[in-house]
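Asker: Fold the following and give me the result.
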Amino acid sequence: MKIIDIVLAPGTGAFFYDDQAAIRAGAAQDGFLYVGGPVTRGLTAIRTPASSLSIGLVLSDDTVAWGDMMSVQYSGAGGRDPLFNAHVMSKLAEEVVAPRVGAADISSFLEACSQVLAPVEGKRLPLALEYGVSQALLRAAAHAGRKTMAEAVCDSFDLPLPSRGVPIYAQSGDAREINVDKMILKNVDVLPHGLINSRQKFGVGGQTFLAYVEWVAARTQKIGRPGYRPILHFDVYGWIGLEMGLDPQVIADFICRVADTVPDFTVNIESPGDFGSTEAQVENYARIVSILDGRGSNARIVVDERCNTLDDIRQFAEARATHLVQIKTPDVGSLADTAKAVLICKQNRVGAYVGGSCTETDLSARATVHVSVATQADMMLAKPGMGVDEGISIVGNEQSRLLALLARTLALREEPQQLQDAVIPKVVLR
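Answerer: Okay, the predicted model is just below:
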């Protein structure tokens, strides 16, 4: 099986690109818009519709394996790549990717990524391009081997076929009460994100945020099924540090206070502070982790900003400078690196959260489900979009279909004769 051509198709992401710096500086909202001009380079407005670029790898049997390129919601912030430019990506795909794909060995996902996504003159290709092309290469490898994308990942990394699903984490967007109810009614494993990205949402001394944490915990018990006890996960976008200063002791004290308000829950606090560089983030997050662990707190911190590439993730994991890493897939680049990142986290006994962005597409979301399940990540994001229902449906259903196929494959390996003509066995869902 060979790649004989590429096809490019412009598209949209499922949400919007937002200027984090302008929002953090206090940009007011007018309905769904933000008032004022952008601060981050490359943005023409504080909130801009997300764009994407699909790349299709045309195989020698005329099958087309697709992948989608895009940026994350807060492009250009926290050391990330600049805003996605479909024209630039299209040109790179035609000039760099197209000449390489014909010689790629698509039977091996890792080898194909290494060949097609090799640096140009010592400079790495844009991460958005790596992300989209690697999705297409993974689909091509799966098609060539007549297997699922998860099995192609397992083959590449010599992993056993998984039989368990990965907990799903949903994000609320600004509809932080209605969407919480949706999550609870759908028994989401980890919730609600909360989008605590402004002083108004955090409150003086964190009081608004604390009240929200208590409300979410109480709401899960009021309308959730008996025994429902999700992990509570809140992304505060650095606002603990912005409001209270960047002393790790002060930040840890506040996180413990948050956890103490809901003692029956595990609480994840994502991005408690931004220390300005990856090195400073590693040093100070390690101190926060040490303090929380020393107190036996039921709180865990999650790193996002300043932890983008595989090298960044390795630094945080090896230094135990976080309890969980958000492996933000478009920022990591190649899906091969996402798989490597999960395995690095596991080797260092750090949680691996395969995240991403609301700006992604159905194609990218489905591909990351296969990587998450193959590597047995600790949790994965319901994406794309901010509507909750759509992301849960896309990610949850893809996982359910995948587990059914993997269960059939495992059963056939054990009893091939009896199951040659069997239907797909039933899978007990979480």
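
Asker: longest helix in the protein, by residue count?
Answerer: In the chain, with assignment by DSSP state H, the single longest helix is helix 389-414.

Asker: what pLDDT, on average, does that one get?
Answerer: Mean pLDDT, helix 389-414: 95.

Asker: Could you verify my assumption that Ala252 touches Asp293?
Answerer: No: using CB atoms under 8 Å, Ala252 is not in contact with Asp293; the gap is 10.0 Å. Every residue, glycine included, has its C-beta placed from N, CA and C.

Asker: related to what we said a few turns ago, which other helices and strands contact the longest helix of the chain?
Answerer: Judged by 3 or more CB pairs under 8 Å, 6 or more residues apart in numbering; DSSP states H and E, helix 389-414 is in contact with helix 149-157, strand 168-169, helix 362-375, strand 379-381.

Asker: Let me have the ones you listed in a markdown table, extended by mean neighbour count, mean pLDDT and distance to Glu414.
Answerer: Below are these laid out as a markdown table (neighbours: other CB atoms under 10 Å; pLDDT from 0 to 100; distance: least, CB to CB, whole Å):
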| stretch | mean neighbour count | mean pLDDT | distance to Glu414 |
| --- | --- | --- | --- |
| helix 149-157 | 23 | 97 | 16 |
| strand 168-169 | 26 | 98 | 28 |
| helix 362-375 | 26 | 98 | 20 |
| strand 379-381 | 26 | 98 | 28 |
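
Asker: Show me the one of these that comes nearest Ile178.
Answerer: Ile178 sits nearest to strand 168-169 of all the helices and strands packed on helix 389-414, at 17.9 Å, using CB to CB.

Asker: could you say what helices and strands the closest one packs with?
Answerer: strand 190-193, strand 379-381, helix 389-414.

Asker: what pLDDT, on average, does the helix or strand following that strand get?
Answerer: The C-terminal neighbour of strand 168-169 among helices and strands, as given by DSSP states H and E, is helix 178-185. Averaged across helix 178-185, the pLDDT comes to 98.

Asker: Buried ones in helix 178-185, by neighbour count?
Answerer: Neighbour-count burial for helix 178-185, counted by 16 or more other CB atoms under 10 Å, picks out Asn179, Val180, Asp181, Lys182, Met183, Ile184.

Asker: and which of the residues you listed is nearest to Ala170?
Answerer: Using CB to CB, Met183 comes nearest to Ala170 of those, at 4.9 Å.

Asker: Skipping adjacent residues, who's closest to the closest one in space?
Answerer: Using CB to CB, 6 or more residues apart in numbering and skipping residues adjacent in sequence, the residue nearest Met183 is Leu191, 4.3 Å away.

Asker: Flag every buried residue along stretch 243-255.
Answerer: For stretch 243-255, by 16+ other CB under 10 Å, it's Glu243, Met244, Leu246, Pro248, Ile251, Ala252, Phe254, Ile255.

Asker: try stretch 378-390
Answerer: Buried residues in stretch 378-390 (16+ other CB under 10 Å): Asp378, Met379, Met380, Leu381, Ala382, Lys383, Pro384, Gly385, Met386, Gly387, Val388, Glu390.

Asker: quick one: which of the helices and strands packed on strand 168-169 is nearest Cys154?
Answerer: Here helix 389-414 is closest among the helices and strands packed on strand 168-169 (CB to CB), at 9.4 Å.

Asker: Check the offset of that closest one from the chain's centre.
Answerer: 19 Å (CA atoms, centre = their mean, to the nearest Å).

Asker: now the angle between helix 362-375 and that helix, please.
Answerer: 40 degrees (axes from the mean of the first three to the mean of the last three CA atoms, to 10 degrees).

Asker: and the angle from helix 389-414 to helix 149-157?
Answerer: 60 degrees.

Asker: Can you list the buried residues in helix 389-414?
Answerer: So for helix 389-414, counting by 16+ other CB under 10 Å, buried means 390-392, 394-396, 398-399, 402-403, 405-408.

Asker: Next: stretch 162-170.
Answerer: Neighbour count says stretch 162-170 has Pro162, Gly165, Val166, Pro167, Ile168, Tyr169, Ala170 buried, by 16+ other CB under 10 Å.

Asker: And the contacts of it?
Answerer: Stretch 162-170 is contacted from outside by 150, 154, 179, 183, 188-193, 231, 233, 353-355, 369, 372-374, 376-382, 388, 391-392, 395-396, 399-400, 403, 406-407, 410, 429-430, using CB atoms under 8 Å, 6 or more residues apart in numbering.

Asker: Would you reformat the buried residues of helix 178-185 as CSV and include distance to Ala336?
Answerer: Shown next, in CSV, are the buried residues of helix 178-185 (distance: CB to CB, whole Å):
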residue, distance to Ala336
Asn179, 33
Val180, 35
Asp181, 38
Lys182, 34
Met183, 31
Ile184, 36
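
Asker: Nearest the geometric middle of the protein, what residue?
Answerer: Gly355 (1.3 Å; CA atoms, centre = their mean).

Asker: Distance of that residue relative to Val188?
Answerer: 15 Å (CB to CB, to the nearest Å).

Asker: Surely Val101 and Ile6 touch.
Answerer: Yes: under the contact definition of CB under 8 Å, Val101 touches Ile6, with a separation of 6.4 Å.

Asker: C-alpha coordinates for stretch 212-220, PDB please?
Answerer: This file holds the C-alpha atoms of stretch 212-220, laid out as PDB (Å, rounded to 0.1, in the frame of the first residue of the first chain):
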ATOM      1  CA  TYR A 212     -18.600  27.700  42.300                       C
ATOM      2  CA  VAL A 213     -16.600  24.600  43.500                       C
ATOM      3  CA  GLU A 214     -19.000  24.100  46.400                       C
ATOM      4  CA  TRP A 215     -22.000  24.500  44.000                       C
ATOM      5  CA  VAL A 216     -20.600  21.900  41.500                       C
ATOM      6  CA  ALA A 217     -20.000  19.400  44.300                       C
ATOM      7  CA  ALA A 218     -23.400  19.900  45.800                       C
ATOM      8  CA  ARG A 219     -25.100  19.700  42.300                       C
ATOM      9  CA  THR A 220     -23.500  16.300  41.600                       C
END
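
Asker: tell me the mean pLDDT over that stretch?
Answerer: 98.

Asker: who are the neighbours in contact with Thr261?
Answerer: With CB under 8 Å, 6+ apart, Thr261 has these contacts: Leu210, Val213, Glu214, Ala217.

Asker: Of Val101 and Ile6, which one has the most company?
Answerer: Higher neighbour count among Val101 and Ile6: Val101, with 24 against 18, using other CB atoms under 10 Å.

Asker: Could you give the number of residues near the spatially closest residue to Tyr34 that is not a sequence neighbour?
Answerer: By the measure of CB to CB, 6+ apart, the closest residue to Tyr34 outside its immediate chain neighbours is Ile46, 3.7 Å from it. With neighbours defined by other CB under 10 Å, the count for Ile46 comes to 25.
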